[in-house]
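# Got a predicted structure plus its sequence, pasted below:
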Amino acid sequence: MTTNIKSLHNLVTAKRTGKVEQESGIKQSLWSRLLPVLLVLFLMGMSWITAAAQTRAYVTNINTDTVSVINTETNTEITTIAVGSRPIAVAITPDGRHVYVANQNSASVSVIDTVSNTVVATIGVGIGPSGVAISGTRAYVTNQGSDTVSVINTTNNTVIATIPAGTAPFGVAIYGTQVYVTNLISNSVSVINTTDNTVIATIPVGIRPFAIAISPDGTRAYVANSGSDSVSVINTGTNAVIATIPVGDDPIAIAISPDGTRVYVANQSSHSVSVINTANNTVIATVPVGFYPSGIAVSLDGTRIFVTNQASGNVYVINTGTNTLMAIIDTTGSCPFGIVITTPPGTGGGTTAAPANVSGRIKDINGKSVMGVNVTATNLSTGEVFQTRTTAFGRYRFENLPSGENYMIQVSSRRYVFTPDSRVISLFDNLTNADFIAERIGFTLR
């Protein structure tokens, strides 16, 4: 029988007794004419061959122990990859090169090379790994059966720390130096500081919080509470719930648009997706999907969402502009669950490891440029520090920073205080508006 939210809840109960049950042709003449043409195009550096294969979706199939690889341009499954037992969650490295898969019944994480679509490593973690998120060179894996979070160094695929969390940790999301973990049985979210891997806060939320996503600017975390049929909105500055949004029945997956204006929630027992407007925290649309939707991801350009449907055995593609169905992708694996979208290296566009620039302007409260301000950018994964100063026009710029990393931008001056005095950014492309407001010491900010 197809797994649903109830069987996942049973898994939590089973682990209390020490048991984790397993869930169940082109003609030769035509090709000979095309081959010289294709070779010329390749030598000219054209991307025609890969234009239709730029992005991929990686989908975990929990009943067949496989990961489906989907071409999101053609909406077709192109291959399947054998992984561990009951793969449930999936995440991608910032450079798009590797996919990390949490295998719930194997107590392991499979590492997939996205260029060859083969498993290149298997990492042992705690009991019942159920969620995975990656920032820089660290992967954080929630171990539902061990009540812990494993920290993996993705450069050598070794576990470097194990952090106690709440009861039955499941979902996980990262922004800057903070990791947010949902605890199914504790009805809470644990906040982990990545600098020393300690829990710095515990936030009460709704009943059975499954999934969590953080806004692109890092100011809000959205939690899908499957037992409360709601989404909790957390202010990440204060680590307090500031709003609760009613959604459909059994919400267990959540994703946010690249511009942060929409939150998409998969309601498993309602067979629907709720669309939330983040400006006022209201549901503005409810989109019917397949049976038991369990995973959701937004395309890199924000124009589509991809929803995995367990009982239907397929993936729905929704147009985010009209909130209507565009396509249905059948998968050969059984019970599709987790999903992530990426651009593997060498396929053009999307996430790459190319360096990026960060720039901004510093002005006083009257809009006047402030020169000579010290600005530093610290890579939060490696600790590498970059430094510069503002020009006579109050502008600063960092060039060729490694992308796919989180940076803390800090400003300082003997004559000014700043609002804010630091900010954390996730750098995937050039950023031009990392601005600050300066207040002369001794004056009051108005």
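Alright, I've got the coordinates. Numbers count the residues shown, from 1 in each chain.

# Start and end of stretch 199-209, how far apart?
Length of stretch 199-209, first residue to last, Cα to Cα, to the nearest Å: 18 Å.

# Give me the residues contacting it.
Stretch 199-209 is contacted from outside by 9, 163-166, 170-171, 178, 182-193, 223-228, 230, 232, 234, 239-241, 244, using Cβ atoms under 8 Å, 6 or more residues apart in numbering. All C-beta atoms are positioned from the backbone trio N, CA, C, and that covers glycine.

# which ones among these are found in strands?
163-164, 170-171, 178, 182-183, 188-193, 223-225, 230, 232, 234, 240-241, 244 (DSSP state E).

# from the residues you listed, which would you call buried?
Buried members of those, scored by 16 or more other Cβ atoms under 10 Å, are 163, 170-171, 178, 182-183, 188-192, 223-225, 230, 232, 234, 241.

# Show the contacting residues for T308.
V59, P293, S294, G295, I296, V315, P336, F337, G338, I339.

# what's across from the closest residue to the second one other than its chain neighbours in the sheet?
Leaving aside its sequence neighbours, P293 sits nearest to A266 (Cβ to Cβ, 6 or more residues apart in numbering; 4.1 Å). Listed beta-bridge partners, A266: A253, V273 (assigned using DSSP bridges).

# ok, A266 touching I254?
Yes: at 7.3 Å, A266 counts as touching I254 under the criterion of Cβ atoms under 8 Å.

# more neighbours, these two?
When neighbours are counted by other Cβ atoms under 10 Å, A266 comes out ahead of the other of A266 and I254, with 31 against 25.

# Return the distance of that one relative to L325.
For A266, the distance to L325 equals 15 Å [Cβ to Cβ, to the nearest Å].

# can you list the domain ranges for this protein.
The chain breaks down into these domains under automatic domain parsing: 5-17+54-342, 356-440.

# Mean pLDDT added to those domains, as JSON lines?
Listed next are the domains of the chain as JSON lines, based on pLDDT from 0 to 100:
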{"stretch": "domain 5-17+54-342", "mean pLDDT": "93"}
{"stretch": "domain 356-440", "mean pLDDT": "85"}
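
# Would you mind finding the most buried of those?
Scoring the domains of the chain by mean neighbour count under mean count of other Cβ atoms under 10 Å gives domain 5-17+54-342 as the most buried, with a mean of 21.

# Surely I245 is in contact with S228?
No: applying Cβ under 8 Å as the test, I245 and S228 come out as separate, 10.5 Å apart.

# ok, now which ones touch P164?
Applying Cβ under 8 Å, 6+ apart, the residues near P164 are D147, T148, V199.

# in this protein, which spans are helices?
When assigned using DSSP state H, the helices of the chain occupy the ranges 5-16, 28-43.

# Looking at strand pairing, list the partners for I305.
V298, I318.

# Contacts only, for it.
A255, Y264, V273, I296, A297, V298, S299, V317, I318, T320.

# Pull up the gap between the fourth one and V263, please.
Read that as I296. I296 is 10 Å from V263, by Cβ to Cβ.

# For these two, list the residues in contact with both.
I254, A255.

# could you pull out the strands for the stretch 301-446 of the chain?
304-309, 314-319, 324-330, 336-342, 356-364, 374-379, 385-389, 395-401, 405-412, 416-419, 422-427, 436-440 (DSSP state E, counting those that start in this stretch).

# Please apply the same query to the stretch 1-150 of the chain.
56-61, 66-71, 76-82, 87-92, 98-103, 108-113, 118-124, 129-135, 138-143, 148-153.

# for those strands, which one sits closest to F398?
strand 129-135 (19.3 Å; Cβ to Cβ).

# Pull out the C-alpha coordinates of the closest one and format them as PDB.
The C-alpha trace of strand 129-135 is given here as PDB (Å, rounded to 0.1, in the frame of the first residue of the first chain):
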ATOM      1  CA  PRO A 129      17.700   9.900   8.400                       C
ATOM      2  CA  SER A 130      14.800  11.900   7.100                       C
ATOM      3  CA  GLY A 131      15.900  15.300   6.100                       C
ATOM      4  CA  VAL A 132      19.000  16.900   4.500                       C
ATOM      5  CA  ALA A 133      20.100  20.400   3.800                       C
ATOM      6  CA  ILE A 134      23.500  21.800   2.500                       C
ATOM      7  CA  SER A 135      25.300  25.100   3.000                       C
END
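
# Show me the beta-bridge partners of Y100.
With DSSP bridges as the rule, Y100 is bridged to A91, V111.

# excluding its backbone neighbours, what's nearest A438?
Y416 (4.1 Å).

# is it true that that neighbour touches V370?
Yes: the criterion here is Cβ under 8 Å, and Y416 meets it with V370 at 6.5 Å.

# Mutual contacts of those two, please.
Common neighbours of Y416 and V370 (Cβ under 8 Å, 6+ apart) are D364, A438.

# circling back: possible to save the strands of the stretch 301-446 of the chain as JSON lines with distance to S215?
Listed next are the strands of the stretch 301-446 of the chain as JSON lines, based on distance: least, Cβ to Cβ, whole Å:
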{"stretch": "strand 304-309", "distance to S215": "16"}
{"stretch": "strand 314-319", "distance to S215": "20"}
{"stretch": "strand 324-330", "distance to S215": "25"}
{"stretch": "strand 336-342", "distance to S215": "18"}
{"stretch": "strand 356-364", "distance to S215": "19"}
{"stretch": "strand 374-379", "distance to S215": "21"}
{"stretch": "strand 385-389", "distance to S215": "26"}
{"stretch": "strand 395-401", "distance to S215": "22"}
{"stretch": "strand 405-412", "distance to S215": "15"}
{"stretch": "strand 416-419", "distance to S215": "20"}
{"stretch": "strand 422-427", "distance to S215": "11"}
{"stretch": "strand 436-440", "distance to S215": "20"}
